[in-house]
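Colleague: predicted model, plus sequence, below.
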Amino acid sequence: MESMDAILGRFLSAVPSEWCNGIRREFGYSGGGGLFSYPLICWLMIVQRLKGLSVESAWLTVSPELALRFSPTSKRAQSGTLSPFGGGYDHARRAMPVEMAEAVFDRLFTELCVKLSAVNPRPSAFVLDGTTLSPDGSAKLREEYPPHANQHGESHYPHLRLLFAHELGTAMAVRPIWGPVRGKDRVSEQSLALEMIGRLPEGAMVVADRAFGVFSIAYSVTNSGRSCLVRMTDQRFLSLVGKDADLSFDQEREFVWKPSAHDLRAHPEIPKNAMVPGCLIVRHVVPSNSKSVVRLLLFVSGSNMTGDELAATYAKRWNIETDIRTLKHTLGLDRPSARLPDVLAKELILGVAAYNLVRAMGALAAGHVGIDPRQVSFTRMAACMQAYEQRLLDAPNQEELERLVLEMFTRATARTLKPRTRPNPPRHTWERPRSGKRRSTKKPKNT
């Protein structure tokens with residue numbers, strides 16, 4: 001079995017100090033060469049996200065042995081003399097370039113995917129979906145990401161839109177993309193998706209819901225050598241097959257999608273003779289938590305899967321909704337503490353890197369017991385990793401280390417996630433309680 005010492009060993013093996021020093025010299029970065037090396041800064045930001053620690057508390061977790069492991073050439077690490085205060089780490093994480101965090105994330109993602117290829121050998125499919133965040137307010141963040149405004153004025157919190165791409169089988173996430181919701185530089189989910197496509201592995205399938213079922217997305221995906229599976233709205237689907245088409249039964253038809261006049265006006269980079277050959281699919285399915293029939297109107301291009309297999313693949317798209325919930329609520333990315341745009345960028349990037357480390361360990365645990373990686377609870381896996389972290393680091397020999405890893409995997413997979421069968425609760429409008437009487441808007445009558 002593969003040797004590992006929990007999440008720390010996985011990170012160090014994927015992002016060694018020598019590689020970071022090469023990146024630092026290549027881009028001419030002056031920092032990151034002493035005690036606060038770039039691997040140590042990135043690791044502490046990941047620890048902050050996984051354990052919910054402050055800057056000061058994260059620095060207090062660094063022992064002289066850990067500092068020497070990350071920064072072997074540092075004289076302070078070699079002497080074992082570390083400051084009891086976290087001001088130096090706070091300054092170092094602010095000074096670290098965003099490009100360094102991006103390089104660390106991309107290398108870590110690549111290395112983890114290579115390790116997981118034995119667990120999940122099937123062709124990769126990535127699901128796209130977006131969400132919004134409202135970080136704590138600061139003048140610079142509000143300038144970069146203008147807040148919402150209504151008839152009562154402008155909100156205090158900045159507002160930004162993020163787009164995620166998660167692997168369908170292992171739940172691993174590609175480096176996210178974001179931008180402002182409002183202002184002159186505002187972005188849409190579709191514009192972010194066009195940028196995200198280039199970050200996906202070559203040959204991967206892109207799965208997306210009706211918000212992305214447009215020609216520009218399908219053309220960009222297929223033009224990049226990837227396959228696409230998108231759901232379409234009823235209106236758009238009928239505009240392609242004809243308004244009188246009968247969609248009451250399951251069917252498939254080959255179709256060549258061509259851009260409309262609106263597509264060409266909105267995206268001048270698309271050639272007039274552009275086309276996307278594919279297949280239009282109609283399937284009627286019953287979700288596991290409902291008795292009502294749902295009609296799926298799908299467009300697929302570049303795939304040899306059958307219509308039923310494609311419908312089953314698209315049915316798994318819902319997993320990204322729970323993945324985003326995990327990122328925002330379990331890891332706390334819904335309210336990042338950064339008050340500067342570049343620090344916010346590093347928090348988001350390395351927060352998703354922390355998520356990937358836990359997901360990778362969960363996939364390895366799933367492979368050990370022979371279950372699907374999606375059946376491993378993220379929260380349970382993270383709790384097991386935290387509980388076994390010190391025991392793994394203190395293992396006296398390789399045999400004891402492997403025994404502890406197997407024990408951790410067994411306990412993490414002792415309780416697995418089951419398909420949801422209870423129906424969704426009905427939506428309600430929750431009114432805020434009023435402390436006083438409601439003021440009347442009627443004018444008093446003249447007496």
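Modeller: Yep, it's here.
Colleague: I'd like the next helix or strand past the helix ranked longest in the chain.
Modeller: Longest helix of the chain, by residue count under DSSP state H: helix 341-369. Next along the chain after helix 341-369, taking DSSP states H and E as the criterion, comes helix 378-393.
Colleague: buried stuff in the helix or strand just after that following helix?
Modeller: The helix or strand immediately downstream of helix 378-393 is helix 398-412, counting by DSSP H and E. For helix 398-412, the neighbour count (16 or more other CB atoms under 10 Å) marks 401, 404-405, 408-409, 411-412 as buried. C-beta coordinates here come from the backbone N, C-alpha and C atoms, glycine included.
Colleague: Leu310 and Ser303 touch, don't they?
Modeller: Yes. Judged on CB atoms under 8 Å, Leu310 makes contact with Ser303 at a distance of 6.9 Å.
Colleague: neighbour count winner among these two?
Modeller: Leu310 (22 against 17; other CB atoms under 10 Å).
Colleague: over to the more buried one: give its phi and psi.
Modeller: Main-chain dihedrals, Leu310, degrees, to the nearest 10: phi -70, psi -40.
Colleague: returning to what we had before: overlap in contacts, Leu310 and Ser303.
Modeller: By CB atoms under 8 Å, 6 or more residues apart in numbering, Leu310 and Ser303 have these common neighbours: Leu229.
Colleague: coming back round to it: could the buried residues of helix 398-412 be laid out in JSON lines, adding distance to His156 and pLDDT?
Modeller: Supplementary listing: these in JSON lines, determined by distance: CB to CB, whole Å; pLDDT from 0 to 100:
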{"residue": "Leu401", "distance to His156": "50", "pLDDT": "83"}
{"residue": "Leu404", "distance to His156": "48", "pLDDT": "89"}
{"residue": "Val405", "distance to His156": "47", "pLDDT": "87"}
{"residue": "Met408", "distance to His156": "43", "pLDDT": "92"}
{"residue": "Phe409", "distance to His156": "45", "pLDDT": "92"}
{"residue": "Arg411", "distance to His156": "44", "pLDDT": "94"}
{"residue": "Ala412", "distance to His156": "40", "pLDDT": "93"}
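Colleague: apart from its neighbours in sequence, what residue is nearest Leu238?
Modeller: Ala245 (6.3 Å; CB to CB, 6 or more residues apart in numbering).
Colleague: number of residues surrounding the one you found?
Modeller: 14.
Colleague: so how far is Gln251 from it?
Modeller: Note on Ala245: its distance to Gln251, by CB to CB, to the nearest Å, is 9 Å.
Colleague: now do Ser74
Modeller: 66 Å.
Colleague: with His368 instead?
Modeller: His368 sits 43 Å away from Gln251 when distances are taken as CB to CB.
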